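Enquirer: Fold the following and give me the result.
(chains A and B)
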Amino acid sequence: MTTPATGPDGRGELHLALLIGGDFGAGGWRRPGSRVEELYGLGLYQELARIAEDARFDAIFRADGLHLAGDIRVRPFARPDSIVQLSALAATTSHIGLVVTASTSFTEPYGLARQLATLDHISNGRVGWNIVTSKGGEQNFGKTFSYGDQQDRYRRADEHVRVAKSLWTSWDEDAIVIDRSPGGLYADRDRIRPIDHDGDHFAVAGPLVVPRSPQTYPVLAQAGASDSGKDFAARHAELVFVAATDLRATIDYADDLEVRLGQYGRSRHDIRILPGIKPILGSTEAEARQRYQELAEITDWDSALRQVGHELGQVDLSGLRRDLPIPAERFTVGVSELFYRQSRPELLRRFALQDGHTLEDVVRAVLLGAGHYAFVGTPEQLADELERWWRSGAADGFNIIPPDIASVAGFAETVVPLLQQRGIFRRDYTATTLRGHLGLRLDADRGDRE
Amino acid sequence: MTDRPLFLTARINPAGGLQARSIDDAPAGAAELFSPDHWVDLAETARSGRFAAVFLADQPQLRLVSDQLPEYTVDPLLLAAVITSRVPEISVVVTASANYNQPYTLARQFASAHLLSDGRVGWNAVASLDPGVAANFGGPVVDHDHRYERAAEFLDLVHRLFGSWRYPWRTRDGWGEIDPVDWQGRYFAVAGPLNVPLPPYGPPVQVQAGGSPAGVDLAARFADVVYAIAHDRGYAADFRGRLRELAARHGRRDAPLVAPLINPVVVADEAQRQRATDDLVRSGGPIEEQVARLADRLGRRLDGLDLDEPIVIDDLESHRPGRPVPQGVAASLQDLVRRQRPTLKEALAASTTALIDTPERIAAYLIDWWRSGAADGFTINTIAGTDNLRDVVEQVVPLLQDKGVYPRAYPDTNLRANLGLG
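Expert: Have a look, this model is predicted:
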């Protein structure tokens, strides 16, 4: 295993991804200049991709959901299919990585492996796959998929990914021979093999219809923080997106993951950990705090309570006082009994019961940060904070969650140059593929050793 | 004769640069073979000829044809996203299976590509049960007799999903109306609504191509445009008439537009025509294979026939096809051979729906079919390794425009409006 050998502590530079496809803030859409009208077009995202590429981000990270979630009357929801959207963006960008989100619970490996290989070809090696087992959406896939408990879903995910890996390697790199002489052949059939997979969830003959793609397979990314999720990450992921409200939680996560990686013959160097961070910036601290107040303004309290109650895991928040903490007895359903996901509610509940946080604190933190670290301060302070997290060894970089659309350019113009001046972020791309940007190496044989 | 202008679409090969192998400067590296530039260039050519759309066929299985060349490769919907983001005005019709996709996912992906391209995506729905495809998706999803019943439910459901979130684009008043789909069918159970809004210009254009009776019935119910294989004007006119009648019987006020597939090869004179026919037959792979394929389609034994000998279909022994033959293709080709008595070589060329002629005669042929009600438009097959699409754009299209039957500029910005569909 190699690891980038430069940098203060034997590591490379830090990595930055830009999260898009969130809802750009709960109430933020009401503010003038939110550009909420453009959420369903392509132009806005082409612009954001250009800003991120000019700033030398490693990747765009597209979150996704498979159903019309939340209350559309008060909460915009802009989610075209992530693979289609990033294919369109691949056409107008040249270097930045494109991480799509796709569910293993509601897709077949053949169709998905083909789409991801296609995107890897048309982007010339820039695709990543954020593997999710889905939080909800099963009502849209009845009769054709069953939606098991969390362990079942991860078992299916494991088989899905193993099948996909076999498909992605079903063409040898030298299978295309292009012999133009008379009687010469285009491809060597002996170097293209069926996979003949017959497992618990899938039966797939193969080979893939798409030749070996530039990266062989997408950079495999994952965001689950439950036991099953972390175990899955240790087996398959090269990039993990972590929800952590502070550095301590990130360090705990990294330590835990390192132990699990060891169980699968992998090391900490084989994976990049990117906590999510929501930067709320101002040229002074006071200005930043003012921005936070604006962004966290709650205009529809009842709807906010329903949403936050759902995020906390079936908690009824009605009839509570805003200025007092949520009583512990309101958490009637234990985290382990939650059907969809468990790690996020656990994180949020810990925050709710900590440090005397009031109901209003919790609602704001959930709506604004969605369980991520919301940083409020100046660009210099944020650069310090990012460097501190990065030097701790727990964070290899950050998934930047813009609180609104304008803040993408703001971060790129103010924080990125500071990181570059400190020598901890690239001034130019030195690689052409996403795996290259991340300083990772493909280990295509691993799939078979598990 | 129809009251709307004639339209053209171009079938471009989804294997892309791979198929350009016979051109000496074809790209050699795998990365370049899949560079979107190849498709973007073809789409630009089609756009300069004011084609309504380019069309991408597809099958999700690896089939290595002659010289071990893959027939289909990358996912065509993602290509459509790339093409429409780089080339303005032109639309892309994408083939996707109603058997090996989830209705919700397919609706969402098409709705997304359609929305992000401002209305320039069509869906060519196929319902084939090719065993090679099935083997990649855990086996056949339905038995052969029920495949069109299942496909009809699939299309019905997808259209309900397309329309399930009606966003108030014009007034921007709130977030729109949501229609819970709550589908409980024989084959699918889908709650909906779709999490992509229906655009102001309507859903993706529905295209269909099956020629069997069940396929035609499906087209009559759902299709905006039908791709037909027709080798003969009379056959095409009958087909279009039947389709319109069936559509009316299904209670439709509009009728699907019919766009037969043709392979035009533009030549300057008779000598070039002969040479091009020879070239076409020669480049079509081993002669025995071509003859065997034609025999399957005609249902007649052709062995022993000389290439320049006329085919008299009723004098030939019947023959049981070695593999399933699309019914529409077979019927249309049998009609042509009966009526025109071509030589074996001419029949081989014609079986590829080749139209090898001068620009004037190709233009006259298209106008004749269009005026006589055999076609509303045409699908021009782009022949790999040749410039036939460019030739049509540069030499045939101006003649159609001079006759006033074909637009000089795009009438609108989205496919539905460009085809004059409601």
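Enquirer: and the spatially closest residue to B:Ala230 that is not a sequence neighbour, what does it touch?
Expert: Setting aside the residues directly before and after it, B:Ala230 is nearest to B:Ala236 in space (C-beta to C-beta, 6 or more residues apart in numbering or on different chains), at 3.7 Å. Every C-beta, even on glycine, is put in place using the N, C-alpha and C of the backbone. Residues near B:Ala236 by C-beta atoms under 8 Å, 6 or more residues apart in numbering or on different chains: B:228, B:230, B:258, B:260, B:332, B:369, B:374-375.
Enquirer: Tell me which helix or strand B:Ala236 sits in.
Expert: Taking DSSP states H and E as the definition, B:Ala236 sits inside helix B:233-249.
Enquirer: So which bits of that helix are buried?
Expert: B:233, B:235-240, B:243-244, B:246-247 (16 or more other C-beta atoms under 10 Å in any protein chain shown).
Enquirer: and of the contacts of B:Ala236, the nearest to chain A?
Expert: Checking these against chain A with C-beta to the nearest C-beta, the nearest one is B:Ala228 at 26.4 Å.
Enquirer: Assign the closest one to helix, strand or coil.
Expert: coil (DSSP: H, G, I helix; E, B strand; the rest coil).
Enquirer: any chance you could map the strands in the chain?
Expert: This is for chain A. A:15-20, A:59-62, A:97-103, A:127-132, A:197-198, A:203-204, A:219-222, A:239-242, A:272-281, A:373-377, A:397-400 (DSSP state E).
Enquirer: looking at chain B here, not the other one
Expert: Going by DSSP E, chain B shows strands at B:7-11, B:53-56, B:91-97, B:121-126, B:165-166, B:177-178, B:183-184, B:189-190, B:205-208, B:225-226, B:257-258, B:261-266, B:354-357, B:377-381.
Enquirer: and chain A, which of those strands is closest to it?
Expert: Nearest to chain A among the strands of chain B is strand B:189-190 (2.9 Å), distances taken as C-beta to the nearest C-beta.
Enquirer: quick check, the closest one touching chain A?
Expert: Yes. Strand B:189-190 is in contact with chain A by C-beta under 8 Å from any C-beta of the partner chain, via B:189-190.
Enquirer: need the contact list for residue 151.
Expert: No chain specified, so I'll use chain A. Applying C-beta under 8 Å, 6+ apart, the residues near A:Gln151 are A:Ser228.
Enquirer: that's the other chain; I wanted chain B
Expert: B:98-99, B:125, B:127, B:218.
Enquirer: Compute the number of surrounding residues for B:Pro103.
Expert: Using other C-beta atoms under 10 Å in any protein chain shown, the number of residues around B:Pro103 comes to 27.
Enquirer: what's the distance between it and A:Ile122?
Expert: Look at B:Pro103 and A:Ile122: by C-beta to C-beta, to the nearest Å, they are 26 Å apart.
Enquirer: Same question for A:Gly184.
Expert: A:Gly184 is 27 Å from A:Ile122, by C-beta to C-beta.
Enquirer: Also A:Asp255?
Expert: 39 Å.
Enquirer: what about those two, which has more around it?
Expert: Neighbours were counted for A:Asp255 and for A:Ile122 using other C-beta under 10 Å; A:Ile122 has more, 24 against 12.
Enquirer: Can you tell me how far the more buried one is from B:Val74?
Expert: Going from A:Ile122 to B:Val74 by C-beta to C-beta gives 7 Å.
Enquirer: any residues in contact with both of the two?
Expert: Among the neighbours of A:Ile122, those also in contact with B:Val74 (C-beta under 8 Å, 6+ apart) are B:Phe34.
Enquirer: Any idea how many residues pack against residue 38?
Expert: Picking chain A for this. By the criterion of other C-beta under 10 Å, A:Glu38 has 14 neighbours.
Enquirer: that answer is for a different chain, and I need it for chain B
Expert: Residues lying near B:His38 (other C-beta under 10 Å) number 21.
Enquirer: same deal with A:Ile298?
Expert: 17.
Enquirer: Would you mind confirming that it makes contact with A:Arg364?
Expert: Yes. Judged on C-beta atoms under 8 Å, A:Ile298 makes contact with A:Arg364 at a distance of 7.0 Å.
Enquirer: Let me know the pLDDT of A:Gly199.
Expert: At A:Gly199, the model reports a pLDDT of 96.
Enquirer: For it, list the residues it contacts.
Expert: Contact analysis of A:Gly199 by C-beta under 8 Å, 6+ apart lists A:159, A:163.
Enquirer: re the thing from before, what's the closest of the buried residues of helix B:233-249 to A:Ile20?
Expert: Comparing those against A:Ile20 with C-beta to C-beta picks out B:Ala247 as the nearest, at 42.5 Å.
Enquirer: ok now do that closest one, which residues does it touch?
Expert: B:220-221, B:254-256.
Enquirer: what's near enough to touch the closest residue to B:Ser97 other than its chain neighbours?
Expert: The shortest distance from B:Ser97 to any residue other than its chain neighbours is 5.4 Å, reached at B:Val126 (C-beta to C-beta, 6+ apart). B:Val126 sits next to B:95-98, B:209-210 when contact means C-beta under 8 Å, 6+ apart.
Enquirer: tell me which residues form a beta bridge with the closest residue to chain B within chain A?
Expert: Ranked by C-beta to the nearest C-beta, the top residue of chain A for proximity to chain B is A:Gly142, at 2.9 Å. For A:Gly142, the beta-bridge partners under DSSP bridges are B:Ala189.
Enquirer: low-scoring pLDDT stretches of the stretch 51-200 of chain A, where are they?
Expert: The model of the stretch 51-200 of chain A has pLDDT under 70 over residues A:70-71, A:74-75, A:77-78.
Enquirer: close enough to count as contact, A:Val366 and A:Val308?
Expert: Yes. Here A:Val366 reaches A:Val308: they are 4.7 Å apart, a contact under C-beta under 8 Å.
Enquirer: Distance check, B:Arg339 against chain A.
Expert: Distance of B:Arg339 to chain A, given as C-beta to the nearest C-beta, to the nearest Å: 38 Å.
Enquirer: Without its sequence neighbours, what residue ends up closest to B:Val181?
Expert: Nearest one to B:Val181, counting by C-beta to C-beta, 6+ apart, is B:Gly192 at 2.9 Å.
Enquirer: Surely that neighbour touches B:Gln184?
Expert: No. In this structure, B:Gly192 is not within contact of B:Gln184 by C-beta under 8 Å, at 11.5 Å.
Enquirer: Name the residue in the two with the higher neighbour count.
Expert: Neighbours per residue, other C-beta under 10 Å: of B:Gly192 and B:Gln184, the larger number sits with B:Gly192, 23 against 11.
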